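> My questions concern the predicted model and sequence given below.
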Amino acid sequence: MVTSGLPDIETPRLILRSLPAAALAALVAGDRALASRQAGCDLSDFRDDALAIAALRLNDLTADPDYLPWSLRAMLLKPDLMLVGHCNFHSKPGAAYLAEVAPDLAELNAVELGYSVLPAFRRRGFAEEAAWGLMDWAGREHGVRRFVVSISPENAASVAMARKLGFARISGHIDTEDGYEDILVKDWRPRGEDPRRS
């Protein structure tokens, strides 16, 4: 078994496990059995419509191996480590592209996150829990204090969840693949200091 060697991020119900480049390459090649061995978890239910994100993150890792801690993670439900989705940061903190959507974001060491839950596991709070796990990890371990999400205003469920997490709209932009998206930000506070965590 080969894994990324990075510690898992653990939340009350989930393990967020980093997927090494070898696992991403196997997913992109269509070999979920090899990908599962490389990742140390069962990726047989990784969706075909998510292979583009695996390919994108593989390209990012090839360009910059130090991106690995921020790259794609499997969302695994305890105790059996069943795959329920995936999550990631779109870059390392302070990426230049963030300055194009809001000039202060790159200066503030902000980072954008994303998440997707398999249809059978939606409406159970897993995306929210994974987002909190990612933000807590980045805040505690790397001093990140501002987080970004980009969401189509037509995606009512994602907009509602982002608002529940404390994200607020600051601007919008046209994504070349997804069309118009609102840009929402949240300032992270340690556990116990955010009223939404109580």
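Looks like it came in fine.
> Tell me the bridge partners for residue 171.
residue 183 (DSSP bridges).
> quick one: it and residue 59, what's the gap?
The gap separating residue 171 from residue 59 is 27 Å, by CB to CB, to the nearest Å. Backbone N, C-alpha and C define where each C-beta goes, glycine included.
> For this structure, which segments count as strands?
Secondary structure of the chain (DSSP state E): strands at 9-10, 14-18, 73-77, 82-89, 111-117, 146-151, 168-175, 179-187.
> Just say which of these is most tucked in.
Among the strands of the chain, judged by mean count of other CB atoms under 10 Å, the one packed with the most neighbours on average is strand 73-77 (a mean of 25).
> rewinding a little: make JSON lines out of the strands of the chain and add distance to residue 135 and mean pLDDT.
Below are these laid out as JSON lines (distance: least, CB to CB, whole Å; pLDDT from 0 to 100):
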{"stretch": "strand 9-10", "distance to residue 135": "10", "mean pLDDT": "97"}
{"stretch": "strand 14-18", "distance to residue 135": "11", "mean pLDDT": "98"}
{"stretch": "strand 73-77", "distance to residue 135": "13", "mean pLDDT": "98"}
{"stretch": "strand 82-89", "distance to residue 135": "10", "mean pLDDT": "97"}
{"stretch": "strand 111-117", "distance to residue 135": "7", "mean pLDDT": "94"}
{"stretch": "strand 146-151", "distance to residue 135": "5", "mean pLDDT": "93"}
{"stretch": "strand 168-175", "distance to residue 135": "15", "mean pLDDT": "81"}
{"stretch": "strand 179-187", "distance to residue 135": "8", "mean pLDDT": "89"}
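> okay if I get these as a markdown table plus distance to residue 159?
Compiled in a markdown table, the strands of the chain are given as follows (distance: least, CB to CB, whole Å):
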| stretch | distance to residue 159 |
| --- | --- |
| strand 9-10 | 25 |
| strand 14-18 | 22 |
| strand 73-77 | 20 |
| strand 82-89 | 18 |
| strand 111-117 | 14 |
| strand 146-151 | 6 |
| strand 168-175 | 9 |
| strand 179-187 | 8 |
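> Of the ones you listed, which is nearest residue 64?
strand 82-89 (12.6 Å; CB to CB).
> What is the closest one packed up against?
When contacts are defined as 3 or more CB pairs under 8 Å, 6 or more residues apart in numbering; DSSP states H and E, strand 82-89 packs onto helix 51-63, strand 73-77, strand 111-117, helix 126-142.
> tell me the most buried of the ones you listed?
Of the helices and strands packed on strand 82-89, the one with the most neighbours on average (mean count of other CB under 10 Å) is strand 73-77, at a mean of 25.
> strands paired with it, and their directions?
strand 14-18 (antiparallel), strand 82-89 (antiparallel).
> got the contact list for the most centrally placed residue in the chain?
Residue closest to the mean C-alpha point of the chain, counted by CA atoms, centre = their mean, is residue 88 at 2.3 Å. With contact set as CB atoms under 8 Å, 6 or more residues apart in numbering, residue 88 has these partners: 53, 57, 70-73, 113-115.
> Also residue 62?
With CB under 8 Å, 6+ apart, residue 62 has these contacts: residue 21.
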